[in-house]
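A.B. asks: got a predicted structure plus its sequence, pasted below:
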Amino acid sequence: MRVIRVSDIPRPKYRELCQAIPHLSDVESNPKIRMLIEEGLRISEPAALYREVPIDERGEDSILAGGVKLVSPLLSDITGHARAVFPFVLTIGSAMDAWMDSLQDLYHRYWADLIATEILHCSILYLDGIIRENREIKHLAMMNPGSLESWPLEEQNKIFSLLGGNWRDIGVELLPTFFMKPLKTVSGIKFSTESVFEACQACSREGCPTRRAPRDPRFASKYQIL
């Protein structure tokens, strides 16, 4: 199926952003912090690409979708009830990178990074809603190459190959290191599940500020996650 570009992703409202970021309300009265929130919302340019790709085959440690083999035992297991996957890439724009780099005060850069991260998260939720439209999806889950030991960063180029060269249209670049530019860009696979799944459940990183769910020890034993 064709690659779909989503360029009308709305920015979150000022108040929504303040409520979503922990402890931001404690410093919101600071004029500089208020200015950072307003600037971040104004400068961000959320845009995304996605595509629906049927799953052709499933192995113990991989799935074949759109002629591309995605190697991850966890991905193969978690997508067990899905008939298709949705490779995607989403960014909030290169202007955010320049804005954050321009801040000299480390304290202000810290808050700017949190603001940008939350704008990215809100944009991902909006994309979820678009993918759900006119589809019978009970739960929509996501996995990203490099975010878990069971799906290495080197698999990133396969996500991009499934999207063709269209990702350049939204200003995204895949580096030889498999990292992406702009900084606040995310890519991965979305898919339907029978029960709620967050990749955080299979992640062993402690003290992660963006953790969405507690670690589930069952994943550690099944997939040898340290």
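C.D. replies: Everything's here; your move.

A.B. asks: could you pull out the strands in the protein for me?
C.D. replies: According to DSSP state E, the chain carries its strands in the segments 4-6, 47-50, 53-58, 62-65, 68-71, 84-91, 139-143, 173-174, 180-181, 185-193.

A.B. asks: direction included, what does the last one pair against?
C.D. replies: Pairing partners of strand 185-193, with direction, according to DSSP bridges: strand 84-91 (antiparallel), strand 139-143 (antiparallel).

A.B. asks: and the strands of the chain, which is most packed in?
C.D. replies: Highest mean neighbour count among the strands of the chain (mean count of other C-beta atoms under 10 Å): strand 84-91, with a mean of 24. Where C-beta positions appear, they are placed from N, C-alpha and C, glycine not excepted.

A.B. asks: and the angle for it with strand 53-58?
C.D. replies: 130 degrees (axes from the mean of the first three to the mean of the last three C-alpha atoms, to 10 degrees).

A.B. asks: wait, doesn't Thr17 sit right on Glu38?
C.D. replies: Not Thr; residue 17 is Leu. No: applying C-beta atoms under 8 Å, one finds Leu17 not in contact with Glu38, separated by 9.9 Å.

A.B. asks: out of the two, which sits in the more crowded spot?
C.D. replies: A side-by-side neighbour count of Leu17 and Glu38, using other C-beta atoms under 10 Å, places Leu17 first with 21 against 13.

A.B. asks: what pLDDT does the model give Ala199?
C.D. replies: Per-residue confidence (pLDDT) for Ala199: 63.

A.B. asks: from Lys138, how far off is the residue most central in space within the chain?
C.D. replies: The residue lying closest to the centre of the chain (C-alpha atoms, centre = their mean) is Val186, at 4.2 Å. In this view, Val186 and Lys138 are 23 Å apart by C-beta to C-beta, to the nearest Å.

A.B. asks: check Asp97 too.
C.D. replies: Asp97 sits 37 Å away from Lys138, going by C-beta to C-beta.

A.B. asks: between those two, who's got more neighbours?
C.D. replies: Asp97 (18 against 10).

A.B. asks: what sits against the residue lying closest to Glu173 once chain neighbours are set aside?
C.D. replies: In space, Glu173 comes closest to Lys181 once its chain neighbours are excluded; the distance is 4.5 Å by C-beta to C-beta, 6 or more residues apart in numbering. The contact partners of Lys181, taken as C-beta atoms under 8 Å, 6 or more residues apart in numbering, are 94, 97, 172-173, 175.

A.B. asks: mind checking which of those residues are in helices?
C.D. replies: Those of these mapping onto helices are 94, 97, per DSSP state H.

A.B. asks: okay if I get the contacts of Lys181 as TSV plus distance to Leu114 and pLDDT?
C.D. replies: Formatted as TSV, the contacts of Lys181 follow (distance: C-beta to C-beta, whole Å; pLDDT from 0 to 100):
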residue	distance to Leu114	pLDDT
Ser94	19	95
Asp97	15	95
Val172	22	95
Glu173	24	94
Leu175	24	94
